[in-house]
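**Q** just need the structure, nothing else, for what follows:
(4 chains)
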Amino acid sequence: MSAALLFAVGGLTSVGIYLITARSLSQIILGFSLLGHATVLGLLVAGGAAGDAPIAGTAAVADMSNPLPQALALTAIVISFGLTVFLLALAVRQQHLTGDDQVEDDLEDQRIAQGQPAENLPEETTEEITQSIEGGIP
Amino acid sequence: MLWLLFGAHLVGIAAAVLAGRRSMQAGLCAAALAPAATAIWAATRLVEGGDVVSAELVWVDGLDVAISFRADAVALLMTLLVSGVGALVMGYACGYFSSDAKGGSRFGATMLGFSASMLGLVWADSIWTLFIFWEMTSVTSFLLVGHKHTDAAVRLAARRALVITATGGLVLLAGLILLAQNTGSPNLTKLAPISGTEAAVAAALVLIGAATKSAQVPFHVWLPGAMAAPTPVSAYLHSAAMVKAGILLIAVVGPAFGDVAAWKWLGICFGFASVIWGGVGALRHRDAKLILAWGTVSQLGLMFTLFSAGAPKAIFAGVALLFSHALFKAALFLVVGEVDVRTGTRDITQLGGLARSMPLAFVVALLAGASMVGLPPLLGFTAKEAAIEAVLKLSGGTQAVVGVAIIGGSVLTVAYTIRLLYGIFGPGPATSVAPQGYVRRRSWLMAAPAVTLSLAGVVGYAVIGGVNEIVVPAATELNAKAGVYELIAWPGVKTAFVISVLIVITGAVVGVLWIARGSNRIPLSLGADATDGIVDGVISKSPRLIAWIQHGSLPVYLAVMGTVAVLAAAALASDFAGGHLIWWDHPLQAMLAAAVVIAALAAAFVGSRLGAALALGSVGFGVTGLFLVHGAPDLALTQLLVETVVVVGFVLGLGHLARRFPPVTGSWRSVRIMVAAAGGLAVTAALVAAGTNPTGQPPTPDLVAEAVAEGGGKNVVNVILTDLRALDTLGEVVVLATVAIGILALARVRTRPQAQTQES
Amino acid sequence: MKPNQAPAIQLGIRVASPLAIVVGVYLLFAGHNFPGGGFAAGLVFGAVAILRTIAGLQRPRGTTALIACGVLMVTVVSFLPILWGDPLLDQRVVTFDLPLLGTIKTGTALVFDIGVSIIVVGLVAAIINGLSASQPTQGAGQPTQGAPQ
Amino acid sequence: MSTLVVLTIAAPLVAAAGGLFWRGNTVARDAITICGLAVAMICAFVVLAEVNDSGTHVVHVGGWQPELGIVLVADLLAALILPVALAVIFVVEIFAIGQRRTVWGANPELSGPLLCVLTSGVSLAVLTGDLFTLFVAFELILVSSYVLLTNQGRPSQIRAGMTYVVMNLFASALFLFGVGFVYAATGTVNLALLTERIPELSDGVRIGLGAWFFVVFGTKAAVFPLFSWLPDSYPTAPTTITAVFAGLLTKIGIYAMIRFHTLTQMDDLGSTMLIIAGFTMVIGGLGALAQSDVKRILSFHIISQIGYMLMGLGLFTVAGIAGAIVFLIHNMPVKTVLFLVGGLIENDQGTSTLDRSGGVASRRPVLAVLFAIPALSLAGIPPFSGFVAKLAVIAAAIAEASVLIVVAALVAGALTLLSMAKIWLGVFWGPPASEITPVSVPRRYQKTMLGATGLAVCGILVISAMSGPLFDLCVRAAEDLKHPASYVSEVLS
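**A** Numbers count the residues shown, from 1 in each chain, chains lettered A, B, ... in the order given. A predicted model of the protein is given here:
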């Protein structure tokens, strides 16, 4: 196993975890991008040593790097790409609703923790509700 | 036959629902049919005798759970009580409720549902059948107690009853599992005696379960509260039926615990405490129904004591008491209910002089009360004699404790009965009887069942031989040696009789003195308040506890998760051995790795959004380089394109936000750093450890060969993606499609109202 | 995001688009033998869409239908073989000649890859529509750009 | 047979695409999605019958060897779980069609196709014999649930959605790391091969792998202390959606755990699992008690119930695992129905808060019955399936003399009952709520919703009645899991 790659995995993981525990959704997204890199590199490390590209005919089979983790990694990259983009969309919506991208604490949890009656919860406005009923896809 | 009768109850429920829509009375009449038929059947069986009828329906064979019924002598006796009293009470309820009472179909159906559950319980031949119906009686009784649920106090009482009986049910479940596993068979007639620690634990659990159901101190607190139910419910559930379930339980499983000392002593303790405390409670209350309820606690305590003592004579006396108690207690409840609806109160300090205005009720109450006290010529007398004789047959400590319980309990019974009857019917300010309109017209409906039940005490005494034919086989069924005894109408002046006379005299003196003292202070309902306090406490304290875990803060959740993962990885990394490590596959790898980590750190610690996005891009390009070095051009290409789109998206979507991230400081930041560092280390170490001694090798040569031969492509990675593992790819693109839909939907919600405002 | 309507950039992008599309098609077909594949091709096509949107040339339309088509395509290609008894996701390999690219030995995998790239284009289009139309909370006075159709 | 197995994945996917394509045409869209789900469900039932008769069926995807390609394995466990799961989704889709676009309803344009995607994810997750495909299947399930949760974009949903998405993304990252560990240690991601190779590893690595995946699956399954995302997010979704989530998602996590940890013989983790299980059920029960909203109470119950399943698994005996499987099967429809009834209550009163509700039993007795049956079943009251499940799990624990966990299970049982009583007392009993604002739904649609709920309640009754044969099947499945040699030989032959 290559210590250099392992270093990259560990470093990316650490920074990723640090970022996802932030309150700003932008930073969380950054964190997941980094974690995504870390997992992909982790898969490669797990698959064995570096080698030539696994394209038949261009190199000896014995010299090739293991193609299976690459395939798995590719799938993982694409999936984490999709989810990162989705998080972005959530952040954009949050920004639209509150003006920033901070992750807020759950209101009902706080209400229960403080023992307040249910009336103190802010009701969603009718406008917001109609808006969400009107939603859909183009 | 058993199925037929049981099925009749189920059909009856449907009928009661339908008929109950028209009126309360129709629903109740429909409900009364099945129990009436069952009672008649049981009576004929008892008279005619014959083979024991049984029936079985296997439910879950793997767990030995079956609905197995067996109508032996005990079951028939109980059937007679459950169904007979049930039918009478339902008839009584026709008079009790006004025609326009709400919830007609509900009440009739629930009563019948309870009746059916109770029937299943008394017929049960298997531990599991018994438990199944045991739980069903808990649920149906909850519904019945809460019949007038718009009243908050009623809801509270129903909750209390449910909490105690259902918790008891859970305890019982554990005890029964333990019992079944130790005896090897859930069959109640084949319970082998067990011993040892597990047996003692099982004994305690089963006894606690039984004590909750039979309202034994300290679990009795639900019973007085349950008097919030309509009186027919109290007359049925709390005299003849449900509260007897616990007694029946300890009677039938008793043989298995014969060798367990804990069984006997714990049971006697429950019984003793209940006898005394229940009697004291009955002496102090003013509400006639509550006096009866506390009296029930006391009387059930007597039975509990006798059955726990376990000697043949004691068991015989217990069965006799069980039988007579159901009759006189139900009759008394019915009378109190009638008094209640005709005068509008049940408070004995306000009542008085009803002997003249309600003579029939007075006679009924007198007969039933005399039976309760144990005066001849009534059935109660013979049962009490049997109990005292049973005490005389005991020896040692058991005799002392049981003796005190029975004598003390009987004295108290005499005292509170006198006080009750005196309070309602005795001289004093005559309560005006102003019946509500419907009562007068149908008062015979209320009178007839009460008369029947109280006359049963007289008739039973008269034909004591007939009663013996019911009681003796039942006692034999429970204990083979108990069959030699029988109830004796007139024992002559023997020790037991003398004791009996002394009891009545002492009790009468206590009762008269008590009345004279005019002590009508309501005792503290310690238990009930405590129970509600515990339940409310759990409900009101749980938010505090939960808030500690469920505080709603995402970063903390993530940190917790990270920490847990680190712990798991630490287990993995415990086999850490770095022998297979090399510094790098290629020097370039080391440089790129360093660059990637530095860029990542920059992304984390640079304050501006744009800077972070750029740093993210750099990380992506560095990783692309690492892929190339590793020999993964496909990954590199994809990574490059993905990185571009992500960075563009990041800028596109969040470009409007403040330029800088909000600053982070304080201890939370140190926690984050610690979790993050530990996470990185743990993952790395775990990877190294996992790769130390691989137990299998990747089939790279096979993959390459197959890709070319079968997959028709030279790029092995691509062949894997589109052929070998195309299913993964399929899933992956569906994920992308779904994400796209999600983004579009969110965009739509956002833009729609704006478009509307524009138009307006 | 405000479309950048500088003529020079627009012209550049007009010229670059077909080139990029050619690159994408190459990636799509070459994928089986060289680095590339449906996903990469889709992203290249998507990049064209992004550029054209930025330049204000056009916005992607009918995104949902596109995505539905893509999903239908990959699903049908994947599951059709089971209808005539072949294993799930079985490949039919065919060989044919194409000008410029030479002999192509490919199979149903290609159809699958095309489906993949269609979905990816759909996703990129969704990103453009979903993220770029964002306006921070500035009230309703702000004109909205391109409400999705 | 292979066709049937594959159709459980394929039919919903095709339906999802079709439903998206004709999203504007209500009738066509609903017909397509319903058909897709129905086909999948029927296939799943036939697969169960076939597997019951002729044993495990293996589908080699693309005809590749298991060492190289992906296999789908319909063994008894998978065949048992799948029909129930698909039936649950089917019923919810009918309900969703009935609910239309109301304040509380899901958006029908999206819920149909996305439920289809979710369904194929569930089928794939249950059937796959490959660890990485399991990851993909999880992502399919999750991504559709993300969109289902957030697509209406309400502030509460976005807030909850972020918690949900971020927590699950982290879990997914951990999953991928886990795949890396497994691959590094064994050189394969095929479950059958892992069954052979993981027990050969050194103890530290083997148990560590088990622990790691316990964290991964535990997050999906919402075990203590990883459950926090669930009660925050589930209640904010439209009720129909929550019903699916509640019925399925956490259960798939438990399913994966049962599958992975038994095949790889992680018996050493048993005591850890039991401790976690105890905390999960008691804390879940306490949490339920603390809430004052029907949907939140029910959400905490999910956690509590997960504890019971984990308890069965943690015993690592045939009886325990069988108990866990029975519990799983029983819990899926029960949980779903409770949420559906929650939705009906919301429709009826305009709120699901206990303080503002009351008297539903008098006004809508049918609702009371529909609620009572699953509630009693959940609380483990006979004669419903919950009793069998609880009895199986607790009896297994008592047979192993695990006293503490039995006590925890009993306490949790009492808490469950108490909080069910809390809902009953608050919503169904008591004086009618003073100000109710029922959501006006056309009668015909109301009937559809009631019908769907009634159908599901009938399902619960059927499961209850069939508990005997069901339990026997579960015991067989548990024996197969406990002795994985047959699984391995079926897959690798």
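**Q** so after the helix or strand where residue D:216 lies, what's the next helix or strand?
**A** If you go by DSSP states H and E, residue D:216 is part of helix D:203-221. Of the helices and strands lying after helix D:203-221 in sequence (DSSP H and E), the nearest is helix D:229-233.
**Q** contacts for that following helix?
**A** With C-beta atoms under 8 Å, 6 or more residues apart in numbering or on different chains as the test, helix D:229-233 has contacts from A:106, A:108-109, B:550, B:552, B:557, D:149, D:160-161, D:163-164, D:167-168, D:219, D:222, D:250, D:287, D:291, D:296, D:299-300, D:302-303. Any C-beta I mention is one placed from the backbone N, CA and C, and that applies to glycine too.
**Q** dump the residue contacts of residue 35.
**A** The chain I'm using is chain A. Contacts of residue A:35 by C-beta under 8 Å, 6+ apart are A:12, A:13, A:16, A:17, A:20, D:170, D:173.
**Q** you answered for a different chain; I wanted chain C.
**A** A:53, A:55, B:633, B:634, B:636, B:637, B:715, B:718.
**Q** CSV for those, including distance to residue D:205 and secondary structure?
**A** Shown next, in CSV, are the contacts of residue C:35 (distance: C-beta to C-beta, whole Å; DSSP: H, G, I helix; E, B strand; the rest coil):
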residue, distance to residue D:205, secondary structure
A:53, 31, coil
A:55, 33, strand
B:633, 32, helix
B:634, 30, helix
B:636, 31, helix
B:637, 34, helix
B:715, 33, strand
B:718, 33, helix
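**Q** now residue B:345. Its backbone dihedrals?
**A** When quoted as degrees, to the nearest 10, the phi and psi of residue B:345 stand at phi -150, psi 160.
**Q** gap between it and chain A?
**A** 37 Å (C-beta to the nearest C-beta, to the nearest Å).
**Q** so what pLDDT did residue 43 get?
**A** Defaulting to chain A. On the pLDDT scale, residue A:43 is placed at 94.
**Q** wrong one, chain D
**A** 95.
**Q** and what of residue B:656?
**A** 68.
**Q** tell me which element residue B:58 falls in.
**A** strand B:53-60.
**Q** can you check residue B:510 too?
**A** helix B:495-517.
**Q** three-state assignment of residue B:192?
**A** coil (DSSP: H, G, I helix; E, B strand; the rest coil).
**Q** in strands only, show me the contacts of helix D:229-233.
**A** Assignment to strands by DSSP state E places none of the contacts of helix D:229-233 there.
**Q** so what's the residue lying closest to residue D:117 once chain neighbours are set aside up against?
**A** Spatial nearest neighbour of residue D:117, excluding adjacent residues (C-beta to C-beta, 6 or more residues apart in numbering or on different chains): residue D:144 at 4.2 Å. Remark: with contacts taken as C-beta under 8 Å, 6+ apart, residue D:144 is in contact with B:738, D:114, D:115, D:117, D:118, D:121.
**Q** and if we set it to 10 Å?
**A** B:734-735, B:738-739, B:741-742, D:16, D:110-111, D:113-122, D:244 (C-beta atoms under 10 Å, 6 or more residues apart in numbering or on different chains).
**Q** so, low pLDDT: which residues of the chain?
**A** Went with chain A since none was named. A:113-138 (pLDDT under 70).
**Q** actually chain C
**A** For chain C (pLDDT under 70), the answer is C:1-5, C:57, C:83-107, C:132-149.
**Q** so for stretch D:401-408, what gets flagged as buried?
**A** Buried residues in stretch D:401-408, counted by 16 or more other C-beta atoms under 10 Å in any protein chain shown: D:402, D:405, D:406, D:408.
**Q** same list, those residues, but as JSON lines with distance to residue B:646 please.
**A** Output for the buried residues of stretch D:401-408, formatted as JSON lines (distance: C-beta to C-beta, whole Å):
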{"residue": "D:402", "distance to residue B:646": "49"}
{"residue": "D:405", "distance to residue B:646": "46"}
{"residue": "D:406", "distance to residue B:646": "51"}
{"residue": "D:408", "distance to residue B:646": "46"}
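**Q** out of these, who's nearest residue B:134?
**A** Nearest to residue B:134 out of the buried residues of stretch D:401-408 is residue D:406 (C-beta to C-beta; 18.9 Å).
**Q** so which strand or helix has that closest one?
**A** helix D:403-423.
**Q** which elements pack onto the helix or strand following that helix?
**A** Toward the C-terminus, helix D:403-423 is succeeded by helix D:443-465 as the next helix or strand (DSSP H and E). If contacts are counted by 3 or more C-beta pairs under 10 Å, 6 or more residues apart in numbering or on different chains; DSSP states H and E, helix D:443-465 sits against helix D:76-99, helix D:239-244, helix D:318-349, helix D:365-378, helix D:385-399, helix D:467-482.
**Q** need these in a markdown table with mean pLDDT, can you?
**A** Formatted as a markdown table, these follow (pLDDT from 0 to 100):
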| stretch | mean pLDDT |
| --- | --- |
| helix D:76-99 | 92 |
| helix D:239-244 | 88 |
| helix D:318-349 | 92 |
| helix D:365-378 | 92 |
| helix D:385-399 | 93 |
| helix D:467-482 | 94 |
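**Q** winner for burial among the ones you listed?
**A** Across the helices and strands packed on helix D:443-465, averaging neighbours per residue (mean count of other C-beta atoms under 10 Å in any protein chain shown) puts helix D:239-244 on top, at a mean of 30.
**Q** how far does that helix sit from its chain's centre?
**A** 12 Å (C-alpha atoms, centre = their mean, to the nearest Å).
**Q** can I get that helix in PDB, CA atoms only?
**A** What follows is helix D:239-244, C-alpha atoms only, in PDB (Å, rounded to 0.1, in the frame of the first residue of the first chain):
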ATOM      1  CA  THR D 239     -47.800  11.800   5.600                       C
ATOM      2  CA  THR D 240     -47.900   9.400   2.700                       C
ATOM      3  CA  ILE D 241     -44.200   9.800   2.200                       C
ATOM      4  CA  THR D 242     -43.500   9.400   5.900                       C
ATOM      5  CA  ALA D 243     -45.600   6.200   5.800                       C
ATOM      6  CA  VAL D 244     -43.300   4.700   3.300                       C
END
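**Q** is that helix anywhere near chain B?
**A** No: contact of helix D:239-244 with chain B (C-beta under 10 Å from any C-beta of the partner chain) is absent, the minimum separation being 13.1 Å.
**Q** thought residue B:10 was touching residue B:117?
**A** No: if you go by C-beta atoms under 10 Å, residue B:10 and residue B:117 don't touch, sitting 11.0 Å apart.
**Q** neighbour count winner among those two?
**A** residue B:117 (26 against 13; other C-beta atoms under 10 Å in any protein chain shown).
**Q** per-residue pLDDT of that one, please?
**A** So, for residue B:117, pLDDT stands at 95.
**Q** what about the closest residue to it other than its chain neighbours, which helix or strand?
**A** In this structure, residue B:117 finds its nearest non-sequential neighbour in residue B:136, 3.8 Å apart by C-beta to C-beta, 6+ apart. Taking DSSP H and E as the criterion, residue B:136 maps to helix B:127-145.
**Q** taking helix B:127-145 as reference, get the angle to the helix or strand just after that helix.
**A** Later in the chain than helix B:127-145, the nearest helix or strand by DSSP H and E is helix B:152-183. Using axes from the mean of the first three to the mean of the last three C-alpha atoms, to 10 degrees, the direction of helix B:152-183 lies 180 degrees away from that of helix B:127-145.
**Q** what helices and strands are in contact with helix B:152-183?
**A** helix B:127-145, helix B:197-213, helix B:222-225, helix B:242-253, helix B:526-549, helix D:385-399, helix D:403-423.
**Q** that helix: which residues count as buried?
**A** So helix B:152-183, judged by 16+ other C-beta under 10 Å, has buried residues B:154-180, B:182-183.
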